[in-house]
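K.L.:
Generate coordinates for the sequence data below:
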Amino acid sequence: MRLKALLVDDEVHILNNLSKVLPWADMGFEIIGLARSGVDALEMAVLHQPDLILSDIRMPVMDGITLVKKIREQGLTCEMLLLSGYQEFEYARTALRYGVRDYICKPINYMELEQTVRDIARQIGEQQKKQDTEQRLQEVASRVNETYLLHALLGIEQEPGNALREEEDTADEERYGVLLVDLEGYAHQSMMWTIRERKAWNLRLTTVLKDMLAPLMREYTVLQVREGEWCVVFNNSVAKGEMTRAGIEPVYERLQSIAGEKEGMITRMCVEHNLFSLHELGSVYQRMQQMLILSRPEQWYVDVCAAQMNTDEREAGSLPDAGEPQWLWIEQIGSGLRGGNQELLVQVMSELKSYVGHLNEGRVGRMEKVLHYLLIHLLREMRELHMLSGEQEEMIWLRLQDSLSLKELLSLMMSLIEQSKESLMGKKSSERLMMAAQSYIQQHLGKDFGIEDIADYLGISCSYFCLLFKNYFGETFVEHLTRQRIEAAKSLLGGSDKSITHIGSVVGYQERRYFTKVFQKYTGMTPSEYRLKESSAI
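P.N.:
Residues are numbered from 1 along each chain as shown. Got it, this is the predicted structure:
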């Protein structure tokens, strides 16, 4: 990409010479404007954000020194070269104070000026490469951090080399609190949505959640654990007072205003203020799920600290024992389905039957509620892995609307697990790999990742991944990823008032001009034109 230069001089012949005599293209520049006054130059600079401004000092209305000062007041960090027919020390000193690169006297020695511009171009290029490298390193670190936190929440054992911190038992080990956000009713309401609609909806909620939490927290990570469920992991820089019911209510209201667009969908939140190590996050997340499952549906805010079990509650059976196996089954069902582990699914079936068969009469009501949740969890997982048709899922939801006994719930659970086993037997390993790839793409849509990243995640070579991907999806990885990102961008442009630059970054394009180019190639119109078209259609 070429650097941008703005040339400024009130003498038209000098301005023409500057634009034509120097080999700007050869030096890596494009001239984005010729200005004959400081006022015009300032306007062009704010609009085009040049990398270099070459300006005369003595000009009417606004001279070069004033221009430099105004440029810096606007926060622009471009390089500045000043030209003058006066060899005045005070001008040079003032210019240097505002970060001017050089002070060149007239008549202009064009060979000397060319060399100066080439030096500046080289230094800008080196600085940009350094910034790009630092940005990529930050993005890689962010991806590693998100993956590590997600694995910690799900209780997945980490590779030793992936640890975020080398000393795990030191007194200053990073500790985290958790906010769990769940859309109750999402699985049912989204049953007939297309994959595109579900992705767009979840991306919209993820973006809103990140934006709404920014005033409350300095450092936090929003992780989408599954469709319709997010965990916000924050460190000890977040004060407890900021995560109270009153503090977080604006976030809830904004999310619920979107969730409320779909009848029967309710936003619920559970907050754990206490701070835990990474190794404890799995049990924390599991406990928070329990709290939401067994709390009243109308209770949108659950504070784990305030709802800690006391002896009377435990004896009365109003809240679950964290050691009971049903909470492990949630994790095992997901692991068995995604990993194609039929033996693990058989084990869950056996343990479920045995557990229900030995229940005391006083615990039946609570187990009905837990089984109901397990069924919803199983439906979510089977849908994401394309193990159910829309008609099959609709029939199950219709059954769940009836008041089912414990025996009927268990029977329905067994039939679904059996169906998932048959589905796994019918799927080749390559299909399971591509379903995992599709899930990875959905979760990392706004990140900078490529074939090597996803192939490494799947544990296969890049060439084998490309072959499987093309055979399964009928398009290349790049074509598929671009289409997914542009479709997500279209949804955000139509349903959000965020800037085009912001929306581009959300779907993985950090540079607005490149985002616009790709979007226009895909849709035939610019993002601005598309947004105008969508708004006029409402």
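K.L.:
just for the stretch 251-400 of the chain, where's the confidence low?
P.N.:
Scanning the stretch 251-400 of the chain with the threshold set as pLDDT under 70 gives 307-327, 338-340, 361-362, 384-385.
K.L.:
how does it look with 50?
P.N.:
Within the stretch 251-400 of the chain, the set of residues satisfying pLDDT under 50 comprises 309-323.
K.L.:
Check the chain too.
P.N.:
Residues of the chain that meet the criterion pLDDT under 50 lie in 160-172, 309-323.
K.L.:
Strands along that one, start to end?
P.N.:
Using DSSP state E, the strands of the chain run over 3-8, 29-35, 52-56, 79-84, 102-105, 176-184, 220-226, 229-235, 266-276, 301-303.
K.L.:
which one of these lies closest to residue 402?
P.N.:
With respect to residue 402, and counting by C-beta to C-beta, the nearest of the strands of the chain is strand 176-184 at 18.8 Å. No exception for glycine: its C-beta is placed from N, CA and C like everyone else's.
K.L.:
Pairing partners for that closest one, with directions?
P.N.:
Here strand 176-184 is paired, per DSSP bridges, with strand 229-235 (antiparallel), strand 266-276 (antiparallel).
K.L.:
if I look at the residue nearest to residue 8 when sequence neighbours are not counted, how far off is residue 43?
P.N.:
The shortest distance from residue 8 to any non-neighbouring residue, by C-beta to C-beta, 6 or more residues apart in numbering, is to residue 55 (3.8 Å). Relative to residue 43, residue 55 is positioned 14 Å away (C-beta to C-beta, to the nearest Å).
K.L.:
quick one, which of the two is more surrounded?
P.N.:
Counted by other C-beta atoms under 10 Å, residue 55 and residue 43 do not tie: residue 55 has more neighbours, with 25 against 13.
K.L.:
Could you chop this structure up by domain?
P.N.:
Domains of the chain are assigned by automatic domain parsing as 3-128, 172-321, 324-427, 429-537.
K.L.:
Out of these, flag the one nearest residue 146.
P.N.:
With C-beta to C-beta, the closest approach to residue 146 among these belongs to domain 172-321: 5.9 Å.
K.L.:
now the closest one, how far from the centre of its chain.
P.N.:
Chain-centre distance of domain 172-321: 17 Å, with C-alpha atoms, centre = their mean, to the nearest Å.
K.L.:
Dump stretch 184-201 to PDB, restricted to CA.
P.N.:
Provided in PDB are the C-alpha atoms of stretch 184-201 (Å, rounded to 0.1, in the frame of the first residue of the first chain):
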ATOM      1  CA  GLU A 184     -33.200 -18.700  28.200                       C
ATOM      2  CA  GLY A 185     -35.400 -20.000  25.400                       C
ATOM      3  CA  TYR A 186     -32.800 -19.400  22.700                       C
ATOM      4  CA  ALA A 187     -32.600 -23.100  21.700                       C
ATOM      5  CA  HIS A 188     -36.300 -23.300  21.200                       C
ATOM      6  CA  GLN A 189     -36.800 -19.900  19.500                       C
ATOM      7  CA  SER A 190     -33.900 -20.400  17.100                       C
ATOM      8  CA  MET A 191     -35.000 -23.900  16.100                       C
ATOM      9  CA  MET A 192     -36.200 -22.800  12.600                       C
ATOM     10  CA  TRP A 193     -33.500 -20.200  12.000                       C
ATOM     11  CA  THR A 194     -30.900 -20.800   9.300                       C
ATOM     12  CA  ILE A 195     -27.300 -21.100  10.200                       C
ATOM     13  CA  ARG A 196     -26.700 -17.600   8.800                       C
ATOM     14  CA  GLU A 197     -29.400 -16.200  11.000                       C
ATOM     15  CA  ARG A 198     -28.100 -17.900  14.100                       C
ATOM     16  CA  LYS A 199     -24.500 -16.700  13.500                       C
ATOM     17  CA  ALA A 200     -25.700 -13.100  12.800                       C
ATOM     18  CA  TRP A 201     -27.800 -13.100  16.000                       C
END
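K.L.:
Give the buried residues for it.
P.N.:
184-190, 193, 198-201 (16 or more other C-beta atoms under 10 Å).
K.L.:
Likewise for stretch 266-281?
P.N.:
Residues 267-273, 275-276, 278, 281 are the ones in stretch 266-281 that count as buried (16+ other C-beta under 10 Å).
K.L.:
cool, and stretch 329-347?
P.N.:
Counting neighbours by 16+ other C-beta under 10 Å, stretch 329-347 gives 329-337, 340, 342, 345 as buried.
K.L.:
do the same with stretch 215-235
P.N.:
Counting neighbours by 16+ other C-beta under 10 Å, the buried set in stretch 215-235 is 216-217, 220-234.
K.L.:
okay, how far is it across that stretch, tip to tip?
P.N.:
Stretch 215-235 has an end-to-end distance of 15 Å (C-alpha to C-alpha, to the nearest Å).
K.L.:
what comes into contact with it?
P.N.:
Contact with stretch 215-235 is made by 145-146, 149-150, 153-154, 174-183, 186-187, 190, 198, 202, 205-206, 209-210, 213, 237-238, 242-243, 247-248, 251, 275, 281, 285, 380-381, 384, 443, as judged by C-beta atoms under 8 Å, 6 or more residues apart in numbering.
K.L.:
Wait, residue 329 touches residue 351, no?
P.N.:
Yes - Residue 329 lies in contact with residue 351 (C-beta atoms under 8 Å); the separation is 7.0 Å.
K.L.:
For burial, what's the neighbour tally of residue 176?
P.N.:
Count around residue 176 with other C-beta under 10 Å applied: 24.
K.L.:
can you pull out the helices in the stretch 351-500 of the chain?
P.N.:
If DSSP state H, counting those that start in this stretch is used as the criterion, the helices of the stretch 351-500 of the chain fall at 364-384, 390-400, 406-426, 429-443, 451-458, 462-473, 477-495, 500-506.
K.L.:
Of those, which is nearest residue 27?
P.N.:
helix 500-506 (28.2 Å).
K.L.:
Could you check how far that closest one is from the centre of its chain?
P.N.:
11 Å.
K.L.:
Run through who's touching that helix.
P.N.:
203, 207, 446, 488-489, 492-493, 496, 498, 510-512, 515-516, 527-528, 531.
K.L.:
and what of stretch 298-309?
P.N.:
Residues outside stretch 298-309 that contact it (C-beta under 8 Å, 6+ apart): 244-245, 248-249, 252, 256, 266-274, 287-288, 291-292, 295, 319.
K.L.:
My guess is residue 288 contacts residue 177. True?
P.N.:
No - applying C-beta under 8 Å, one finds residue 288 not in contact with residue 177, separated by 10.8 Å.
K.L.:
overlap in contacts of these two?
P.N.:
Common neighbours of residue 288 and residue 177 (C-beta under 8 Å, 6+ apart) are residue 272.
K.L.:
rewinding a little: so what pairs up with the residue nearest to residue 8 in the strands?
P.N.:
The partner list for residue 55 in beta bridges (DSSP bridges) reads residue 8, residue 82.
K.L.:
any idea how far residue 182 is from it?
P.N.:
58 Å.
K.L.:
now residue 115
P.N.:
Shown here: residue 115 relative to residue 182, a distance of 63 Å by C-beta to C-beta.
K.L.:
Which residue of those two possesses the greater neighbour count?
P.N.:
Comparing residue 115 with residue 182 by other C-beta under 10 Å, the one with more neighbours is residue 182, at 21 against 12.
K.L.:
The more buried one touches residue 255, doesn't it?
P.N.:
No - judged on C-beta under 8 Å, residue 182 makes no contact with residue 255 at a distance of 10.5 Å.
K.L.:
hey, what's in contact with both of those two?
P.N.:
residue 267.
K.L.:
ok, now which ones touch residue 180?
P.N.:
Counted by C-beta under 8 Å, 6+ apart, residue 180 has contacts 229-232, 269-272, 285, 288-289, 292.
K.L.:
Please disregard the earlier target; I meant residue 284.
P.N.:
Contacts of residue 284 (C-beta under 8 Å, 6+ apart): 178, 272, 276.
K.L.:
give the contact list for the nearest residue to the first one once chain neighbours are set aside.
P.N.:
Spelled out, that is residue 178. Spatial nearest neighbour of residue 178, excluding adjacent residues (C-beta to C-beta, 6+ apart): residue 272 at 4.7 Å. Each residue near residue 272 by C-beta under 8 Å, 6+ apart is listed here: 177-180, 284, 287-288, 304-305.
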